[in-house]
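Enquirer: Compute the structure for the input listed below.
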Amino acid sequence: MAGIPTQKKTDVPEGLWSRCDACGSMVFRKVVIEHLHVCPECGFHYRIDARTRIEQLSDPGTFEECLPNLVSTDPLKFADRIPYKERLKKVRNASGEKEAIVIGRAFIRGRKVILGAMNPNFIMASMGAVVGEKVTAAIEMATEEDLPLVLVCASGGARMQEGMVSLAQMAKTSAALGRFDEAGGLYIGILTDPTTAGVAASFGMLGDVILAEPKAMIGFAGPRVIANTIKAELPEGFQTAEFMLEHGFVDRIVERRHLRSEVARIIDYCGK
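Expert: Residues are numbered from 1 along each chain as shown. Coordinates of the predicted model:
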């Protein structure tokens, strides 16, 4: 499964056991999956793909996907190690997804919502034109249908292969959220590991209520970049969800097993 490292020792059947990235314990894969991709020994939250996230959050059989066929183009005809078009083709084949976010309508414990989940397995869920368009479409659907909006964020930031087109999505999504707020909408943002750069600096941190998974990395630039820029040692735990909670950037840290209940509780509390 995505995010669970494969154990290579020959005396352990591949796919049966893996070693936890955080505590080093050998864990039975089936148990990890049953714990919603969380280490049963230390509580480490593995990264998961968008479909798994939606399955965990939404009531069974209620998710109706919207705009599934939007795909990125190559506005800059960009190439780094390989041409951007080739990179997109490879990651689509590897992930089974056409883009780095999935959006649609769903029910969460009986509450109808507009739900979106970003996929860290798709170019680290970087935000290009299609991610911006789908996030904006989700916000506009929530506005028009007077439904709560739930976005699960996980991103390495703007997609450099799309340059300014990518950066413009920050303003586009933020403006849509401004209109949603004026209409009295409720936006619950869920920050997972990692939520950084352009996504964190736009719709990621604009929720009415901001939840985060334990130990998630949250911030603009990475700790190493910041430390090298300011030439200073950073505080312990800098840019973890716990650090962000302590400094007022996150409202609550919620373990994955409690996310569905917490989202439903917030919706009820806010009268939506």
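Enquirer: Does the closest residue to residue 43 other than its chain neighbours fall in a helix, a strand, or a coil region?
Expert: Spatial nearest neighbour of residue 43, excluding adjacent residues (CB to CB, 6 or more residues apart in numbering): residue 214 at 6.5 Å. C-betas here are computed from N, CA, C, even on glycine. The three-state assignment at residue 214 reads coil, by DSSP: H, G, I helix; E, B strand; the rest coil.
Enquirer: Please report how far residue 214 lies from residue 258.
Expert: Residue 214 is 11 Å from residue 258, where distance means CB to CB, to the nearest Å.
Enquirer: between these two, who's got more neighbours?
Expert: residue 214 (16 against 12; other CB atoms under 10 Å).
Enquirer: and that one, what is it in contact with?
Expert: Applying CB atoms under 8 Å, 6 or more residues apart in numbering, we find residue 214 in contact with 43, 45, 241, 242, 253, 255.
Enquirer: Ramachandran angles for the residue nearest to residue 43?
Expert: For residue 214, the backbone dihedrals (degrees, to the nearest 10) come out as phi -60, psi 140.
Enquirer: what pLDDT does it get?
Expert: At residue 214, the model reports a pLDDT of 97.
Enquirer: now swap in the one 5 residues further on and tell me
Expert: We note a pLDDT of 88 for residue 219 in this prediction.
Enquirer: Residue numbering should commence at 789 henceforth.
Expert: Sure thing, new numbering starts at 789, so read that last one as residue 1007.
Enquirer: ok, it to residue 1024 distance?
Expert: For residue 1007 relative to residue 1024 (CB to CB), the value is 15 Å.
Enquirer: next one: residue 913
Expert: Plainly put, residue 913 is 27 Å away from residue 1024 if you go by CB to CB.
Enquirer: what does residue 816 give?
Expert: Residue 816 sits 32 Å away from residue 1024, going by CB to CB.
Enquirer: When the two are compared, which one has more neighbours?
Expert: Using other CB under 10 Å, the more surrounded residue of residue 816 and residue 1024 is residue 816, with 12 against 7.
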